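[1] Pasted the sequence and its predicted model underneath.
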Amino acid sequence: MVAQQGGGAACFAESYNGLLMAKKILVTGSAGGVGRVVSKELTKAGHAVRGFDRVATPGVDDSAVGDILDRAAVLDAAAGMDAVIHLAATPDESDFLGDLIEPNVRGLYHVCDAAQRQGVRRLILASSVQVVFGHDWSTPVRLEDGPRVVNHYALTKLWAEDLGEMYARIYEMSVIAARLGWLPRSKEHAEELQASPFGTDVYLSHGDAGRFFLACVEADLAPGQFEALFATSKPAGQEKIDISATEKLIGYRPRDRWPEGQPYIV
């Protein structure tokens, strides 16, 4: 993590008379469970959202239909954007060669490459708390503890973090790798979370996810700055993830605790 403070005209979070300037933001995976929430929160805050997904994005007027495996389509979608939030991916552990490598490795490269080539200044990549699932969690896991992966999906997210750090350092972009908690995408997914011995302690509500990504977009980071940040809601029981660095850097504070802020009946 680059210990670097933003400030002045060179920073992304530009303002006029104390008000943050609206940004043009590309959201990949915008039709998914996280993408729709994030797009709605950004729009409500006054930012202009361009959706990008394999199907049209409900509620987003500027909605491009395409696949992150189509390099030219991703490049076109990133044109004129101030920021890119990359959410499109295979979201859970699956066969590495058959399911993960194309969207989570090749697709990730297409998005990062397009952002750099189109002059995008802020790149926010969806990582996962799964990159630290190998820790014993007897005490809350901190950023300083480093990653400890237990499956191939988490390896693809660690690759995303490393790629983001390189793009920040080489291309002077500000990049955030968002280590997202467990956000239910369906009733069955919510039931799986509730049955897990740790799921409700690493839960990320839909509402908190929207507020977290808005804070990422509006954070005052300097060109070349890279940060990996945890994003969870309040733990239902024991604190498993230390999110104090997230609050300090971008001002995100969770509001919800399981089952608050999730739309699925459990």
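    Cool, got the structure. This one's a predicted model, so the numbers in the text were calculated from it and none came from an experiment.

[2] ends of stretch 97-106, how far apart?
    Terminal residues of stretch 97-106 lie 12 Å apart, using CA to CA, to the nearest Å.

[3] List of residues touching it?
    Stretch 97-106 has contacts (CB atoms under 8 Å, 6 or more residues apart in numbering) with 68-69, 88-90, 94, 152-153, 156-157, 159-160. (Glycine included, C-beta is placed from N, CA and C.)

[4] try 7 Å this time
    With contact meaning CB atoms under 7 Å, 6 or more residues apart in numbering, stretch 97-106 is reached by 68-69, 88-90, 94, 152-153, 156, 159.

[5] pLDDT weak spots in this protein?
    1-20, 265-266 (pLDDT under 70).

[6] which of the contacts of stretch 97-106 lies closest to Ser138?
    Within the set of those, Tyr153 lies nearest Ser138; the separation is 24.1 Å, counting by CB to CB.

[7] That closest one: neighbour count?
    When neighbours are counted by other CB atoms under 10 Å, Tyr153 registers 22.

[8] just the helices in the stretch 101-250 of the chain please.
    Along the stretch 101-250 of the chain, the segments classed as helices by DSSP state H, counting those that start in this stretch run 101, 108-117, 152-171, 187-195, 206-218, 244-250.

[9] Most neighbours among the contacts of stretch 97-106, which one is it?
    Within the contacts of stretch 97-106, most neighbours by other CB under 10 Å means Ala88, with 29 neighbours.

[10] Please give me every residue in contact with that one.
    Ala88 is in contact with 28-29, 53, 68, 103, 107, counting by CB under 7 Å, 6+ apart.

[11] Same check on Leu108?
    Leu108 makes contact with 86, 160, 163, according to CB under 7 Å, 6+ apart.

[12] cool, Glu172 as well?
    223-224.

[13] again, only this time at 10 Å
    Residues in contact with Glu172, defined by CB atoms under 10 Å, 6 or more residues apart in numbering, are 10, 116, 121, 222-225.

[14] Which one of the residues you listed sits in the busiest neighbourhood?
    When those are compared by neighbour count (other CB under 10 Å), Gln225 ends up highest, at 25 neighbours.

[15] among the helices of the stretch 101-250 of the chain, which is nearest Pro58?
    The closest of those to Pro58 is helix 206-218. By CB to CB, the value is 14.5 Å.

[16] As CSV, could you dump the C-alpha coordinates of that closest one?
    Presented in CSV, the C-alpha positions along helix 206-218 are these (Å, rounded to 0.1, in the frame of the first residue of the first chain):
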residue,chain,number,x,y,z
HIS,A,206,-26.2,-3.7,-0.6
GLY,A,207,-26.6,-0.3,1.0
ASP,A,208,-23.1,-0.3,2.4
ALA,A,209,-21.7,-1.5,-0.9
GLY,A,210,-23.2,1.5,-2.7
ARG,A,211,-21.9,3.9,-0.1
PHE,A,212,-18.4,2.3,-0.1
PHE,A,213,-18.0,2.6,-3.9
LEU,A,214,-19.3,6.2,-3.8
ALA,A,215,-16.6,6.9,-1.2
CYS,A,216,-14.0,5.3,-3.5
VAL,A,217,-15.0,7.5,-6.4
GLU,A,218,-15.0,10.7,-4.3
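
[17] name the helices or strands packed onto it?
    Helices and strands in packing contact with helix 206-218 are listed as strand 24-28, helix 33-44, strand 83-86, strand 122-128, strand 174-180, strand 226-231, helix 244-250; criterion 3 or more CB pairs under 10 Å, 6 or more residues apart in numbering; DSSP states H and E.
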